[in-house]
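J.: Prediction below, plus the sequence it came from.
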Amino acid sequence: MAEPIPTDFSTADWRSAILLAYPALRPGADKDSLIGPDDSLFPMSGPTGRSPRAHLDAPTTGDQFIPAYPLSRDLDNRTEPFFDPGRVRDGAFFALLYGNSPADVEAELETVTFGGARFHVTARNGVACQLRAAFTLLAPHRATLAPFFEAVGGGYVWRRISGTDRLSPHSWGIAIDINASLGGYWRWTGATEGAVGDYDNRVPWSLIEAMERSGFIWGGKWHHFDGMHFEYRPELILYGRMLEGGGR
Ligand SMILES: [Zn+2]
């Protein structure tokens, strides 16, 4: 018999965070498996305890939660090399959720707009719906935010992450980039990996927090900062709330 989904927020549990964040997934027969939207069995391993740097290439599902994504406005965490919560991604997990080829993903894309900016994101797992919800929260601030939604980087594109052979989360239609010149990106500073300096953030917290409330993490909290980048990772937001004991 499948285990029930634990909903006790008094202890942070990354498996519960996944099951609560993605209703299309069901618990498997034991804690080390999930049943996917297509009824396939997905083996799920916990955190391996390796260094965050080692996680990047071949993370387990549990490794994605280390380090935990912080919900505070504190950007001091990111001075620690490889403090990149959410930048570690288990590709098989996202293929299960969103599809394994451009054709798979493209079949479910929708356009979400904010002012004149257009973003193509997937409708799967509520991503387009949640992006609309964030933009609704931001509507009163449209004039202030307008520069951040000019010359946007956009949403879906099937590609590898710059300088790596890892698939970008833009490939699954779960990420958007706002105005790149205002967001900032660590590679443009000339820094080497693991030795990125200060991030001079210009993205308003009103924008970041509306996105977080809707399930999107922000790349500006990463050591390898990507301040234009938002990505639908409701499991990480939920896990962060669990660690805070309920939180916002
Ligand atoms: Zn991006």
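T.: That came in fine, so what should we check first?

J.: Which one of the residues in the protein is closest to the ion?
T.: His229 (3.5 Å; C-beta to the ion). In this view, the C-beta of every residue, glycine as well, is placed from N, C-alpha and C.

J.: now the helices: where do they sit in this protein?
T.: Using DSSP state H, the helices of the chain run over 14-21, 52-55, 91-98, 102-106, 127-138, 142-145, 180-183, 205-213, 234-243.

J.: Counting neighbours, which bits of the longest one end up buried?
T.: The one in question is helix 127-138. Val127, Ala128, Gln130, Leu131, Arg132, Ala133, Ala134, Phe135, Leu137, Leu138 (16 or more other C-beta atoms under 10 Å).

J.: wait, the second one sits on Thr113?
T.: No - shown here, Ala128 and Thr113 do not form a contact pair, counting by C-beta atoms under 8 Å, at 11.0 Å.

J.: Pull the distance from stretch 143-152 to the chain's centre.
T.: On the basis of C-alpha atoms, centre = their mean, to the nearest Å, stretch 143-152 is displaced by 21 Å from the centre of the chain it belongs to.

J.: Show residues contacting it.
T.: With contacts defined as C-beta atoms under 8 Å, 6 or more residues apart in numbering, stretch 143-152 is touched by 114-119, 138, 176-183, 203-204, 206-207.

J.: re the thing from before, and the helices of the chain as CSV, adding mean pLDDT and distance to the ion?
T.: Below are the helices of the chain laid out as CSV (pLDDT from 0 to 100; distance: least, C-beta to the ion, whole Å):
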stretch, mean pLDDT, distance to the ion
helix 14-21, 94, 20
helix 52-55, 82, 19
helix 91-98, 95, 14
helix 102-106, 97, 15
helix 127-138, 98, 14
helix 142-145, 96, 18
helix 180-183, 94, 9
helix 205-213, 97, 13
helix 234-243, 95, 16
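
J.: Run through the neighbouring helices and strands of the helix or strand of the chain with the lowest mean pLDDT.
T.: Ranked by mean pLDDT, DSSP states H and E, the weakest helix or strand in the chain is helix 52-55, scoring a mean of 82. Packing contacts for helix 52-55, counted by 3 or more C-beta pairs under 8 Å, 6 or more residues apart in numbering; DSSP states H and E, involve no helix or strand.

J.: and for that helix, what are the contacting residues?
T.: Thr48, Asp63, Ile66, Pro67, Pro81, Phe82, Phe83, Asp84, Val88, Gly194.

J.: Can you mark which positions in it are buried?
T.: Pro52, His55.
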